[in-house]
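K.L.:
sharing a model prediction with you, sequence too.
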Amino acid sequence: MCSLSRKDYGQMFKWTPLALILGFVIDLLLGDPRWLYHPVRVIGKEISFLEKKLRGIFPKTPQGERQAGLLMVILLCILGFVIPAGILFLAYKIHTLLGILLETFMCYQMLAARSLKEESMKVYRELKKGDLESSRHAVSMIVGRDTQNLTFEGVTKAAVETVAENTSDGEIAPLFYMALGGPPLLYLYKTVNTMDSMVGYKNDRYLNFGRYGAKLDDAVNYIPARISALLMIGAAQITGMDGKNAWKIFKRDRYNHASPNSAQTESAMAGALDIQLAGNAYYFGKLYEKPTLGDAKRPVEFEDIPKANRLLYVSAVLATVLFAGIRLAIMGILSLI
């Protein structure tokens, strides 16, 4: 039976910077074709299966639900790391080229810049048509809040906010973990991220069961969210948007959210666009009062959606160059020791 030694792990991820760059480029070119089965769907099925089984085993008490949720987190993290590591190890054992191709494909599948842009631009096109109902439906595909009563401005803000938040969650954080530990760490991150999106709600069903998953998601996104915000501020400067104000609003408003991470990129986005984001929103019919981010120097416009996507793309390019460059530099230094 093959075992994965430290030497094997090092050899296997010698090609990670190349796979990261190629995976990023392929995502920009192809996005997520509907015909291609996505690994997040597998992760989602694992979460649903374990939730059902563990809820049946543990007592239906707050403590029992927390214990069940903790065990699910442990099992999913093990699976999320070991399975891709084993598959990639076998691929590199067969042939280096096969390993590089698979590593590139695994990276590509976990990036979301192209799909995030496409989905948000669907909202933009419906807004430009002046069709409020279709705009609400389009934005409901990419946000968790209730959308049935949103105005044109509310729909636009929701789309911009989800681009801002997912610049970190859907693109820069995956690139960060890919550079740090290759596909196994990348898939582990996406497992935690998917788990939070499915069970990390503060409602009666998931308040206890999803607690540890939500806390772990906060932890793994802590560093990437802040890197993402700083890269977005740099992107604002490069694209001719208000980089100075992006820095100002980021420093002032980055903690104006119940999550320690969500307002990091949203505040930078609000500042870069000179608009105000966030504020009160309805979820599952219940009003949640939330502070605003940024100053309303001007009204929110439909064109803020393509502007947000430009910030997403430039931030992602900066992240790819930064992370691949750091990884190559570290590998070069270690090779001299």
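P.N.:
In hand now; what should we look at?

K.L.:
which stretches of this protein form strands?
P.N.:
277-278, 281-283, 286-288, 292-293 (DSSP state E).

K.L.:
would you point out the helix or strand in this structure whose mean pLDDT is lowest?
P.N.:
Least confident helix or strand, the chain: helix 6-12 with a mean of 61, by mean pLDDT, DSSP states H and E.

K.L.:
picking that back up, I'd like the strands of the chain laid out as a markdown table, including mean pLDDT, mean neighbour count and distance to Pro260.
P.N.:
C-beta here means a position set from N, CA and C on the backbone, and glycine is covered the same way. Formatted as a markdown table, those follow (pLDDT from 0 to 100; neighbours: other Cβ atoms under 10 Å; distance: least, Cβ to Cβ, whole Å):
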| stretch | mean pLDDT | mean neighbour count | distance to Pro260 |
| --- | --- | --- | --- |
| strand 277-278 | 91 | 22 | 15 |
| strand 281-283 | 80 | 16 | 19 |
| strand 286-288 | 81 | 10 | 17 |
| strand 292-293 | 94 | 20 | 14 |
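
K.L.:
now distance to Leu318 too, for these, in TSV please.
P.N.:
As requested, the strands of the chain are exported to TSV (distance: least, Cβ to Cβ, whole Å):
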stretch	distance to Leu318
strand 277-278	22
strand 281-283	30
strand 286-288	33
strand 292-293	22
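
K.L.:
to Ser48, which of these lies closest?
P.N.:
Taking Cβ to Cβ, strand 281-283 is the member of the strands of the chain nearest to Ser48, at 21.1 Å.

K.L.:
so what does that closest one touch, helix or strand wise?
P.N.:
Counting contacts by 3 or more Cβ pairs under 8 Å, 6 or more residues apart in numbering; DSSP states H and E, strand 281-283 packs against strand 286-288.

K.L.:
quick one: pLDDT of Asp146?
P.N.:
The model reports Asp146 with a pLDDT of 88.

K.L.:
next up, the contacts around it.
P.N.:
Asp146 makes contact with Ala281, Tyr282, Tyr283, Phe284, Gly285, according to Cβ atoms under 8 Å, 6 or more residues apart in numbering.
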